[in-house]
Every structure is written in C-alpha cells, then in structure tokens.
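Asks: here is the input, now give the coordinates:
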Amino acid sequence: MRLSWKARRRLSILVLVLGLPLYVVAAVSLVTFFDRPAWWVEVLIYTALGILWAFPLRWLFLGVGQADPERRDGSRE
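Replies: Numbering: from 1, shown residues only. I've put the predicted structure just below:
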C-alpha cells in the first residue's frame, strides 16, 4: 500500500515533531549507560546516531517538500 503525498507529508511532520525528540532522548540515555567515554568517542556516537535515524525513514521524506504531484495548478495544498 502506497501512502499519498498528503499522508506522507503529515506523517513526516509527526515524525519530526514527536519522533525525533524521543529519539534524541533515547540516544542520550544510551550514551549515559557507558562510563563517560572520551569526548571524541561521544562525538562519534552522536554523529552515527544522528545519521542513523534518517536511513529507515528516507522513503517518507522524499518529495515531501515538492509541490503535490496530483495537483495540476502546482500549489502545495
């Protein structure tokens, strides 16, 4: 089942507003389980986790910033 452009747009906003802050809290909590690693290890962990969240959701964000492809006049909504 394929989501419409409007549904993908709404879902992407939901992910960015609710999902991403929850992911940040989970990532920070994960790092605190370790005994304070070196600062560069922490930077590597946060960088990897910062990039990692986007790969599974790539399909959701593709084309969302473009105009609705089903509308003929080219307006966004």
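Asks: tell me which helix or strand comes right after the one helix or strand E42 maps to.
Replies: Element membership of E42, judged by DSSP states H and E, is helix 39-52. The helix or strand immediately downstream of helix 39-52 is helix 58-61, counting by DSSP H and E.
Asks: show me what counts as buried in the helix holding E42.
Replies: Under the neighbour-count criterion of 16 or more other Cβ atoms under 10 Å, helix 39-52 has L49 buried. Any C-beta I mention is one placed from the backbone N, CA and C, and that applies to glycine too.
Asks: so S12 makes contact with V64?
Replies: Yes: between S12 and V64 there is a contact at 5.1 Å, judged by Cβ atoms under 8 Å.
Asks: the more surrounded of those two?
Replies: S12 (17 against 14; other Cβ atoms under 10 Å).
Asks: circling back to that earlier point, helices or strands next to the helix holding E42 in the packing?
Replies: Secondary-structure packing of helix 39-52 (3 or more Cβ pairs under 8 Å, 6 or more residues apart in numbering; DSSP states H and E): helix 20-32.
Asks: so how far is the helix it packs on off the chain centroid?
Replies: 13 Å (Cα atoms, centre = their mean, to the nearest Å).
Asks: now that helix: mean pLDDT?
Replies: The pLDDT scores in helix 20-32 average 90.
Asks: quick one: work out the angle between it and helix 39-52.
Replies: 150 degrees (axes from the mean of the first three to the mean of the last three Cα atoms, to 10 degrees).
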